[in-house]
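Peer 1: Provided below are the primary sequence and the corresponding predicted coordinates.
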Amino acid sequence: MSEQVLKRVDDGLEASLGRLFDFLRIPSISTDPAHKADCRKAADFAALALAELGLSAAVRETSGHPVVVARSDTGAPRRVLFYGHYDVQPVDPLDLWETPPFAPRLAEDAAGRKRIVARGACDDKGQVFTFIEALRALKEVDGRLPVDVTVLLEGEEECGSPSLPAFLAAHAGELAADVALVCDTGMWDRETPAITTGLRGIVHTELTIMGPDRDLHSGLFGGAARNPVHVLARIIADVHDGQGRITIPGFYDAVVEPTDAQKAQWAGLGLTAQSFLGPVGLSVAAGEADRMVIEQIQSRPTFEVNGIYGGYLGQGSKTIIPASATAKISFRLVADQDPVAIKEAFRAFVEARLPADCRMTFSAGEGSRAFLVPADSVDLQKAAAALEQEWGKAPVTVGSGGSIPIVGQFKALLGLDTLLIGFGLDDDRIHSPNEKYDLTSFHKGIRSWARILPALA
């Protein structure tokens, strides 16, 4: 790693910040049709910024907002694929913003830390620009990049990426690389970097239990007629045992256990039920009793009821036995669970508990698989060493309880492992008014990528 590159990053920070501010001024809200032209403007801006670095950059059409694809082709022995997004969330409620959301500014918090305040400051324009500005410093000092780079920036991440899978499938050859990099995640804390090495997959299900052919008078029929709400509640209650384990047969068969080294690292982080759940008004972890809280939220699969309804839901009382009851359910999956197999196992679980006089309808989306970077990945080890050089402490390798379908698509369609390296903080207020990105996150994020890319070469 050239010290001259790091010095160039430091000396050019003000100019880097100016370019980021220009990007942040574009109100590229992808979910709002009124901002369609702004999304294209943001794509054009990003493509021009990458072209200025000598990459062949183009704005490419999709069925929705365009994507930006940029490439360097120097014949370097390795190629990385960097993914990010230029679209942002809506700004409502506008009256809670201290200043206009697309008028970026530097502000200081009570501790004197400087922060960039604007919609998209962290999610994801500021994070994208840590990578772009690292490319700039490497190119200006060394005259070339240590690896060949493909940059893929989409404009629909905040509205579900509906156009991206088809684009990936159609351009898989063009997007081929040795490893994928994503900068849309966070650090463990303000001083400790993190690499997200696992993402849970997801399956959505809607289960409806039907009983009588109409709502019944609970006085005339109560005690004799089957109540679908009772049946649904009993089935849902049966999914977990007294220790928090999921009782669906075969549910855990394909689950990959963390290594002993990973468990030891997680234990050393000191995440407790009180520290994690206290801020949301809870205190007792409800997951598997023999697992640490950090395992419950990142490396273990889950079954959650997202909503349940049946019968009369209006004001006051209406004494009926409802004709049906419905639950909206989601599973979070871990490697190597198959979404299709989980759906079928749950269907069989429900059917086995369906009493006489009841029928069921069962709908489920396609779902997405979990993603896990192998603990012995050489690229993971190289990136971790580079981050440790920059931050003075080894990064935490963690899983994420959430799901990022694009990472699974990179694996399924391109055969790529993905390193998720981001510099966001828990208090960055992403998706909320007064979104911010610490100036230190931006500055040291650039420096971090300037170390990681040569390491991956």
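Peer 2: Nice, I can see it. Numbering: from 1, shown residues only.
Peer 1: Which SSE is immediately downstream of the lowest-mean-pLDDT helix or strand in the chain?
Peer 2: Least confident helix or strand, the chain: helix 405-409 with a mean of 83, by mean pLDDT, DSSP states H and E. Heading C-terminal from helix 405-409, the first helix or strand you meet, by DSSP states H and E, is strand 418-421.
Peer 1: Could you list every helix and strand that whatever helix or strand comes next after that next one packs against?
Peer 2: Next helix or strand after strand 418-421 toward the C-terminus (DSSP H and E): strand 436-438. Under the contact definition 3 or more Cβ pairs under 8 Å, 6 or more residues apart in numbering; DSSP states H and E, strand 436-438 sits against strand 114-117. C-beta here means a position set from N, CA and C on the backbone, and glycine is covered the same way.
Peer 1: The strand it packs on: which residues count as buried?
Peer 2: When burial is assessed from 16 or more other Cβ atoms under 10 Å, strand 114-117 yields the following buried residues: 115, 116, 117.
Peer 1: Stretch 387-398 too?
Peer 2: Those would be 387, 390, 391, 395, 396, 397, 398, for stretch 387-398 by 16+ other Cβ under 10 Å.
Peer 1: What of stretch 192-202?
Peer 2: Within stretch 192-202, judged by 16+ other Cβ under 10 Å, the buried ones are 193, 194, 195, 196, 197, 198, 199, 200, 201, 202.
Peer 1: My guess is the second one contacts residue 398. True?
Peer 2: Okay, so that is residue 194. Yes - counting by Cβ atoms under 8 Å, residue 194 touches residue 398, with 5.6 Å between them.
Peer 1: Next, show the common contact partners of these two.
Peer 2: residue 188 (Cβ atoms under 8 Å, 6 or more residues apart in numbering).
Peer 1: So the closest residue to residue 155 other than its chain neighbours, which state does it fall into?
Peer 2: Leaving aside its chain neighbours, residue 155 sits nearest to residue 65 (3.3 Å; criterion: Cβ to Cβ, 6 or more residues apart in numbering). Three-state secondary structure (criterion: DSSP: H, G, I helix; E, B strand; the rest coil) places residue 65 in coil.
Peer 1: Need the pLDDT of residue 65.
Peer 2: Residue 65 carries a pLDDT score of 98 in this model.
Peer 1: Pull the number of nearby residues for it.
Peer 2: Using other Cβ atoms under 10 Å, residue 65 has 25 other residues around it.
Peer 1: now it: how far from residue 163?
Peer 2: 7 Å (Cβ to Cβ, to the nearest Å).
Peer 1: Need the residues touching each of the two.
Peer 2: In contact with both residue 65 and residue 163: 154, 156, using Cβ under 8 Å, 6+ apart.
Peer 1: What pLDDT is listed against the residue nearest to the spatial centre of the chain?
Peer 2: Note on the chain: the residue nearest the mean C-alpha position is residue 404, at 4.2 Å, using Cα atoms, centre = their mean. On pLDDT, residue 404 comes in at 76.
Peer 1: OK, contacts around it?
Peer 2: Counting by Cβ under 8 Å, 6+ apart, residue 404 has contacts 182, 184, 199, 371, 420.
Peer 1: And the fourth one, its phi and psi?
Peer 2: The phi and psi torsions at residue 371 (degrees, to the nearest 10) take the values phi -130, psi 140.
Peer 1: Any chance of a markdown table for the buried residues of stretch 387-398, columns pLDDT and distance to residue 318?
Peer 2: Output for the buried residues of stretch 387-398, formatted as a markdown table (pLDDT from 0 to 100; distance: Cβ to Cβ, whole Å):
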| residue | pLDDT | distance to residue 318 |
| --- | --- | --- |
| 387 | 98 | 60 |
| 390 | 98 | 63 |
| 391 | 98 | 60 |
| 395 | 96 | 57 |
| 396 | 93 | 53 |
| 397 | 90 | 54 |
| 398 | 87 | 48 |
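Peer 1: now for these, which pair is the farthest apart?
Peer 2: 390 and 398 (18.1 Å; Cβ to Cβ).
Peer 1: Let me see the domain layout of this protein.
Peer 2: In terms of domains, the chain is parsed into 3-199+370-456, 201-255+301-364 (source: automatic domain parsing).
Peer 1: Low-confidence stretches in this protein?
Peer 2: Scanning the chain for pLDDT under 70 picks out 1, 366, 403.
Peer 1: Report the outermost residue of it with respect to its centre.
Peer 2: residue 220 (51.2 Å).
Peer 1: Mind checking what helix or strand follows the helix or strand in which that residue is found in sequence?
Peer 2: Take DSSP H and E as the rule and residue 220 turns out to sit in helix 218-221. Tracing the chain C-terminally past helix 218-221 and defining elements by DSSP H and E, one meets helix 228-238 next.
Peer 1: For that next one, buried residues please.
Peer 2: So helix 228-238, judged by 16+ other Cβ under 10 Å, has buried residues 228, 229, 231, 232, 233, 235, 236.
Peer 1: Contacts for it next, please.
Peer 2: By Cβ under 8 Å, 6+ apart, helix 228-238 touches 207, 209-211, 247, 305, 308, 310-311, 322-327, 349-350, 353-355, 358.
Peer 1: 10 Å - rerun?
Peer 2: For helix 228-238, contacts defined as Cβ atoms under 10 Å, 6 or more residues apart in numbering pick out 207-212, 227, 247-248, 303, 305, 308-311, 321-327, 329, 346, 349-355, 357-360.
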